[in-house]
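> Okay, predicted coordinates and the sequence, questions at the end:
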Amino acid sequence: EDQVTQSPEALRLQEGESSSLNCSYTVSGLRGLFWYRLDPGKGPEFLFTLYSAGEEKEKERLKATLTKKESFLHITAPKPEDSATYLCAVQADVGSQGNLIFGKGTKHSVKP
Amino acid sequence: GAGVSQSPSNKVTEKGKDVELRCDPISGHTALYWYRQSLGQGLEFLIYFQGNSAPDKSGLPSDRFSAERTGGSVSTLTIQRTQQEDSAVYLCASSWGQGESETQYFGPGTRLLVL
C-alpha cells in the first residue's frame, strides 16, 4: 500500500534555528514527490516537486532533497513567517490516475 | 492569473441535509481533483476528473458522495444525507493534466460542519 509518513508531527524553534523535516514514503513507482505549505484558513500552497533520487530544489530559506525512500525539507535560519504546516505528498506511477497521497504534515512554529 | 476558487468558504448544516460544494479550476487546466481533510488526518483523495473521460471515483467514501464536472470546467461535489463524520475541509485542486508538469494547485477549501 502506498504510504507517506512525516516526522516530527510538530516542531517549535527560535528564529534562526535551522531544522530538517522528514518525509518517508512507500510507493509502487514514484512519479513525483511534492511539498506544500499549509497556513490556517487557506489551501495548500505548492513549494516543490522532486522526480528522482538525488534531486534537490531550493527556494529562499527552503531546500528539498530526495532519496529512494525519503525526502527532507531543510529550513535554514527560519523567520516567524516560515511558521506553517508543511505537507509532503507522493504521486504513484503505477495504478494511479495522478491523485496525491499525503502525509499528515509537520507543524513548524518559529518564535521571534 | 486567477487561482482555484471554491464556494462556499464555510458551511454549517444539520445532519441528514444535502450540501453542494463548488470548485472553479484554473482556466485551461484539464485535470480536477477533490480531497478532504478531517481533523487530525492527512488529505484524503476523493475523486478525479480528466477532460471528458469518466471520473475516477475510487476515493469516494460512500454512495452519499457524488461529483460532476460541467463543460470540462466547474465541478460540484454533492453530499447527500450528511453525517457528523462528513465534517471536514473539502479541497479542490486542478492541474494541466498528466505528464511531466502535474503540479496540483489548490483552492482555499470549504469548511463543512455537520451538526
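Yep, that arrived.
> What residues does chain B have near chain A?
B:4, B:6, B:31, B:33, B:35, B:40-45, B:48, B:50, B:56, B:58-59, B:91, B:93, B:95, B:98, B:102-109 (C-beta under 8 Å from any C-beta of the partner chain). C-beta here means a position set from N, CA and C on the backbone, and glycine is covered the same way.
> Kindly supply the PyMOL command isolating those of these that are buried.
The buried residues among those can be selected in PyMOL (16 or more other C-beta atoms under 10 Å in any protein chain shown) with this line:
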select buried, chain B and resi 4+6+31+33+35+42+43+44+45+48+50+56+59+91+93+95+98+102+103+104+105+106+107+108+109
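> Look up which helix or strand the residue most central in space within chain B falls in, please.
Closest to where the C-alpha atoms of chain B average out (C-alpha atoms, centre = their mean) is B:Trp34, at 3.1 Å. Using DSSP states H and E, B:Trp34 maps to strand B:31-37.
> That strand packs against which elements?
Under the contact definition 3 or more C-beta pairs under 8 Å, 6 or more residues apart in numbering or on different chains; DSSP states H and E, strand B:31-37 sits against strand A:100-102, strand B:44-50, strand B:75-79, strand B:88-95.
> which residues are contacting it?
The contact list for strand B:31-37, computed with C-beta atoms under 8 Å, 6 or more residues apart in numbering or on different chains, reads A:98-100, A:102, B:23, B:25, B:43-51, B:67, B:69, B:75, B:77, B:88-98, B:102, B:104, B:109.
> For the residue nearest to the centre of chain B, which non-adjacent residue is spatially closest?
Leaving aside its sequence neighbours, B:Trp34 sits nearest to B:Leu46 (C-beta to C-beta, 6 or more residues apart in numbering or on different chains; 4.2 Å).
> same check, this time on B:Asn52
In this structure, B:Asn52 finds its nearest non-sequential neighbour in B:Gly72, 6.5 Å apart by C-beta to C-beta, 6+ apart.
> secondary structure class for that neighbour?
coil (DSSP: H, G, I helix; E, B strand; the rest coil).
> Could you count how many residues lie near it?
By other C-beta atoms under 10 Å in any protein chain shown, 14 other residues sit near B:Gly72.
> Look up phi and psi at it.
Phi and psi for B:Gly72, reported as degrees, to the nearest 10, are phi 70, psi 20.
> And it, how close does it get to chain A?
16 Å (C-beta to the nearest C-beta, to the nearest Å).
> what does B:His29 give?
From B:His29 to chain A the distance is 12 Å (C-beta to the nearest C-beta).
> Extract the C-alpha trace of the worst-scoring helix or strand of chain B on mean pLDDT and format it as PDB.
Sorted by mean pLDDT, DSSP states H and E, the helices and strands of chain B end with strand B:44-50, the least confident at a mean of 93. C-alpha atoms of strand B:44-50 as PDB (Å, rounded to 0.1, in the frame of the first residue of the first chain):
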ATOM      1  CA  GLU B  44      -7.600  12.100   1.500                       C
ATOM      2  CA  PHE B  45      -8.300  11.800  -2.200                       C
ATOM      3  CA  LEU B  46     -12.000  11.600  -3.200                       C
ATOM      4  CA  ILE B  47     -12.500  11.900  -6.900                       C
ATOM      5  CA  TYR B  48     -10.600  12.900 -10.100                       C
ATOM      6  CA  PHE B  49     -11.800  14.300 -13.500                       C
ATOM      7  CA  GLN B  50      -9.600  14.400 -16.600                       C
END
